[in-house]
Structure formats: C-alpha cells, structure tokens
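**Student:** Got a sequence here, can you build the structure:
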Amino acid sequence: MKQLLAGVALAVMAQGAQASEDDIMRVAAKGDVASTMDALQAAVEGAGATVFARVDHAGGAESAGMELAPSQLLIFGNPKLGTPAMQDDALAGLFLPLKVLVYEGGDGRVWLAYEDPEETLDDLPGISDDADYIAKMRMALGKLTEKAAGK
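**Tutor:** Just a heads-up that it's a prediction; the model follows:
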C-alpha cells in the first residue's frame, strides 16, 4: 500500500512539474540581458508601477566565484492590482509583487519569462480564476514584456 501511495504521489508531482512548465510565459527579446532589463524597468516605471528590486543573478554568482549566464529579475507591482488579490486571500502576499526574469538561454538567445498570474494564485482558496485583477495582471505582464522585448 505504501508503494502505491508513493507511486501516486510521484505521478502527481510529475504532472505538477509538467503543468508548471506550461505556466511560464516566455517572450524572445532583441537585445542583450542588460538592455532588455533596462527597457523592462523603463516600461514598468512608465506604466506607473513601482520597482521594488532588480536582482542580478549572474552578478551574485560571480561574487561567489561561480559562473552563470546573464540573468536578472525585476520585482515590481502596483497596489491597485495587488491589493484586491490580498484582500481576497492574504496569502497572495506570498506571490506578489510580480516578477519577470530576463535571461540568456543556452542557445545565446535572450528571453523574458514570467509565470501566468492565474497559475501563480490558483491554489489560494479566496482567489477566483476569473477575478478582474488576474486579467489585468496578465495583460500588464504581456504588454510590459512585449515592449521590453522590442516588439
């Protein structure tokens, strides 16, 4: 019986990993990581959102004597979008503010990546999949990443 339960648990985890891969939205960028991140930050600030942090993962790796392809994360938000989600379920604060990763893939191409907000907040019981703020977050992320990508 324990083996059966372990097998079921592994199967569920494997499906979750596969599903989460589909939940990551990727946009190919025309520039390098630094210029794409600069464009993303400008787009975010131009849209009236607040940039909370810009994390240089490759720089962190270098400071530890390790190598990592260029990779930066922008953490940003707009209380008009995030607050209603946290009002519906306080645990939304674990997933907000929003994040976009700009990274160089193994093939040398630069990508912007973010998780679909519906999937990010999906497991919270107080959050409805059709909440207005989810659609607004999704639209904002799409527009901001397309603009930063040079499209």
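**Student:** Pull up the per-residue confidence for the residue nearest to residue 126 when sequence neighbours are not counted.
**Tutor:** Of all residues not flanking residue 126 in the chain, residue 89 sits nearest, at 3.1 Å (Cβ to Cβ, 6 or more residues apart in numbering). Where you see a C-beta, it was placed from the backbone N, CA and C, and this is true even at glycine. At residue 89, the pLDDT value in this model is 96.
**Student:** and residue 113, what element?
**Tutor:** Element membership of residue 113, judged by DSSP states H and E, is strand 110-115.
**Student:** that older thread, next, the residue nearest to residue 126: phi, psi?
**Tutor:** phi -160, psi 110 (degrees, to the nearest 10).
**Student:** how deep is it tucked in, by neighbour count?
**Tutor:** The burial count assigned to residue 89 is 16, neighbours taken as other Cβ atoms under 10 Å.
**Student:** what's the spacing between it and residue 110?
**Tutor:** Counting by Cβ to Cβ, to the nearest Å, the separation of residue 89 from residue 110 is 34 Å.
**Student:** How about residue 148?
**Tutor:** For residue 148 relative to residue 110 (Cβ to Cβ), the value is 10 Å.
**Student:** Show me the common contact partners of the two, please.
**Tutor:** Taking Cβ atoms under 8 Å, 6 or more residues apart in numbering as the contact rule, residue 148 and residue 110 both touch 29, 36, 102.
**Student:** Is it possible to get CSV of those that adds neighbour count and distance to residue 134?
**Tutor:** Below are the shared contacts of residue 148 and residue 110 laid out as CSV (neighbours: other Cβ atoms under 10 Å; distance: Cβ to Cβ, whole Å):
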residue, neighbour count, distance to residue 134
29, 25, 25
36, 26, 25
102, 31, 23
